[in-house]
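K.L.:
can you look at this prediction? I've put the sequence above it.
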Amino acid sequence: MKILIIEDEKKIADSIKQGLIQEAFVVDTAYDGNDGYDLAYSEKYDLIILDLMLPGMDGTKICENLRKVGNHTPILMLTAKTQTSDKIKGLNCGADDYLAKPFDFEELLARIMALRRRPVEIKPTKYIYHDLVLDTNNIEVSRNGIKIDLSKKEFTLLEYLLRNKGHVVTKENIMQNVWDFESDVLPNTIEVYIRYLRNKIDRPFKKSKQLIKTIRGYGYKIEYK
């Protein structure tokens, strides 16, 4: 799951980012409204955490503009204000949920998981593809009933491949959806992580079909053939 945080208080934004990374999310950050809107408009995210009071374009305007151009990414609005009128203002501009500062990270995470269960494009919490199972709630992967230990990045990469099973994804697709915007990722990095995955979900299971296919000159796909 890829999340964009638009928050001008850098310590808060970076703290939320680190907490979400620990929960195996891919996270981008923007510290002012204009940069945040540009990222939200040009990149694909599963969720946007949006501060109401921002320099440049404020959170209300960002939300309104995204909805006007047909972007229906779930938005969780943050604000230091607690008045009912501010909550109503945030929800009326198109936000999906509202959280007042200060807040516990556990509550933020619970709100994110609740929104995840009702996104515009419904995504399952468990992917089952023949004998391979990936559980996004418990961050677990198994094949033939045998648990497989993956790093956070390997897990996110496998989830992305499973979301697109049967379809070719390019290295550029993977870079945009598995790594955050600020990461310095080379095409070779993708090859390295594909090899890591093969060594864990394909090669140890000699009696099962190899799932991760290389489509020469195009990219990769998961396919049971």
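P.N.:
Arrived safely.

K.L.:
does L197 touch I212 like I think?
P.N.:
Yes: taking contacts as Cβ atoms under 8 Å, L197 lies within contact range of I212: 6.1 Å. For every residue, glycine as well, the C-beta is placed using N, CA and C.

K.L.:
those two - which one has more neighbours?
P.N.:
L197 (24 against 17; other Cβ atoms under 10 Å).

K.L.:
tell me which residues in the helix or strand that one falls within are buried?
P.N.:
Assessed by DSSP states H and E, L197 sits inside helix 187-197. By neighbour count with 16 or more other Cβ atoms under 10 Å, helix 187-197 contains the buried residues T189, I190, Y193, I194, L197.

K.L.:
mind giving me the packing neighbours of it?
P.N.:
Contact here means 3 or more Cβ pairs under 8 Å, 6 or more residues apart in numbering; DSSP states H and E; on that basis helix 187-197 packs against helix 152-163, helix 171-178, strand 212-215.

K.L.:
other residues contacting the second one?
P.N.:
With contacts defined as Cβ atoms under 8 Å, 6 or more residues apart in numbering, helix 171-178 is touched by 2, 26, 43-44, 153, 156-157, 160, 164, 183, 185, 187, 190, 219-220.

K.L.:
now swap in stretch 15-31 and tell me
P.N.:
Contacts with stretch 15-31, where a contact means Cβ under 8 Å, 6+ apart, come from 1-8, 10, 13-14, 36, 38-39, 43, 45, 49, 105, 108-109, 112, 139, 152, 155-156, 177-182.

K.L.:
any of these buried? List them.
P.N.:
Among these, those classed as buried by neighbour count (16+ other Cβ under 10 Å) are 1-8, 13, 36, 39, 45, 49, 108, 112, 155-156, 177-181.

K.L.:
just checking, I49 is part of a strand?
P.N.:
Yes: the assignment for I49 is a strand, going by DSSP: H, G, I helix; E, B strand; the rest coil.

K.L.:
quick check: it touching I12?
P.N.:
No: using Cβ under 8 Å as the test, I49 is too far from I12 to be in contact (10.2 Å).

K.L.:
now do the strands in the protein.
P.N.:
2-6, 26-30, 47-51, 75-79, 97-100, 126-129, 132-135, 140-143, 146-148, 212-215, 219-222 (DSSP state E).

K.L.:
make TSV out of those strands and add mean pLDDT and distance to N65.
P.N.:
Putting these into TSV (pLDDT from 0 to 100; distance: least, Cβ to Cβ, whole Å) gives the following:
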stretch	mean pLDDT	distance to N65
strand 2-6	96	12
strand 26-30	95	14
strand 47-51	95	12
strand 75-79	89	12
strand 97-100	86	19
strand 126-129	89	33
strand 132-135	94	35
strand 140-143	96	38
strand 146-148	96	42
strand 212-215	94	38
strand 219-222	94	33
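
K.L.:
so which of the ones you listed is the most packed in?
P.N.:
Ranked by mean neighbour count under mean count of other Cβ atoms under 10 Å, the strands of the chain are led by strand 47-51, which reaches a mean of 26.
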